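> Kindly return the folded structure for what I paste below:
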Amino acid sequence: MTRTVDLNSDMGEGFGPWRMGDDAALLDIVSSANIACGFHAGDPDVMDRTMRLAVANGVGIGAHPGFADLKGFGRRQLPLPQAEIANAVAYQLGAAQAMAKRTGGSVRHLKLHGALSNMASVDHALAKACYQAALDVDPDIVIMVLAATAMEDVVRDLGCNWAGEIFADRAYNDDATLVDRSKPGAVLHDAKTAAPRILQMLEAGAIIAESGKHIPCKIDTICLHGDTPGAVAMARGVRQHLTDAGITIAPL
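Got it, this is the predicted structure:
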């Protein structure tokens, strides 16, 4: 059973005067922050503010690139050439590195956002294009992947640093992909339900799908979404349940 695990959350997803989630509260709970890079959400001021809070809290900083789709929050699949997507990933990672350096931090990991992540989880060629672009910028970066999907196949083939991720607040299909958000039960909102489920996955060393199927995988990090109702209470409840079970929470 995994005795040490990272808790990550997507952050910096406001834009201008619009706020998304309670980043300050989450940064007291998680150990890694995936910070939007201005395409699906975020802007230089939001990135700066979020990264400074992460550094102050000793939380690891990650780049969270997505599609250039502010209106759709990066959750709409855009049929773009892979070369264009790869350039967008490299561009966003570079922006995150620059902003992190100004705050006294550094970018340790990269995690794809939203629709881009969903597409890469089933498309080996797209995942490779995105991850190779990131590795061209920083060969030592840790690539955070959806465990047991095409993403994991690709990072294993690339031989790069990587971390397998599962989601505390999302239901799974039998192929280890996430149940579509539009379907009932796709998003969990109650820590009393989510926390024991996550501990069970850690004990089993496997994703447990909605059907009950076990999908063996390496679990390095658990995602706690910050943009769902009651996100902070959910995150706090999951962390407490895991620490009570003797799990150590630590950055990647």
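> Might you report the residue contacts of Trp70?
Wrong residue type there; residue 70 is Leu, not Trp. For Leu70, the contacting residues are Phe15, Phe39, His40, Ala41, taking C-beta atoms under 8 Å, 6 or more residues apart in numbering as the criterion. For the C-beta atoms, the positions are set from N, CA and C on the backbone; glycine is no exception.
> ok, of these, which one's closest to Lys213?
Within these, distances to Lys213 taken as C-beta to C-beta reach their minimum at His40, with 31.1 Å.
> what's around the closest one, how many residues?
Burial measure for His40: 27 neighbouring residues, criterion other C-beta atoms under 10 Å.
> Cys223 now?
When neighbours are defined as other C-beta under 10 Å, Cys223 has 22 of them.
> Moving along the chain from the strand or helix carrying Thr50, name the first helix or strand you hit.
Using DSSP states H and E, Thr50 sits in helix 44-57. Moving toward the C-terminus from helix 44-57, the first helix or strand encountered (DSSP H and E) is strand 60-64.
> Would you mind pulling the contact partners of that next one?
6, 8, 10-12, 31-37, 51, 54-55, 92-93, 96-97, 100, 105-113, 134, 144, 251-252.
> mind listing what's buried in the helix or strand just after it?
The first helix or strand that comes after strand 60-64 along the chain, using DSSP H and E, is helix 82-102. Within helix 82-102, the residues that qualify as buried are 85-86, 88-93, 95-97, 99-100, counting by 16 or more other C-beta atoms under 10 Å.
> Give me the contact list for helix 82-102.
Contacting residues not belonging to helix 82-102 are listed as 35, 37-39, 44, 47-48, 51, 61-68, 106-107, 110, 112, 116, 125-126, 129-130, 132-134, 136-138, 141 [C-beta under 8 Å, 6+ apart].
> who's in contact with Ile215?
Ile215 touches Ala148, Tyr172, Asp174, Ala176, Ala206, Ile207, Ile208, Ala209, counting by C-beta under 8 Å, 6+ apart.
> So the first one, which state does it fall into?
So the one you mean is Ala148. coil (DSSP: H, G, I helix; E, B strand; the rest coil).
> would you list every one of the strands in the stretch 101-250 of the chain?
107-110, 142-146, 162-167, 206-208, 214-216, 221-223, 248-249 (DSSP state E, counting those that start in this stretch).
> Run me through the strand neighbours of the fourth one, direction for each.
Read it as strand 206-208. According to DSSP bridges, strand 206-208 has the following sheet partners: strand 214-216 (antiparallel).
> State the mean pLDDT of the partner strand.
For strand 214-216, mean pLDDT is 96.
> going forward, begin numbering at 9 instead of 1
In the new numbering, first residue 9, that becomes strand 222-224.
> How far away from the center of its chain is stretch 243-260?
Stretch 243-260 sits 17 Å away from the centroid of its parent chain (C-alpha atoms, centre = their mean, to the nearest Å).
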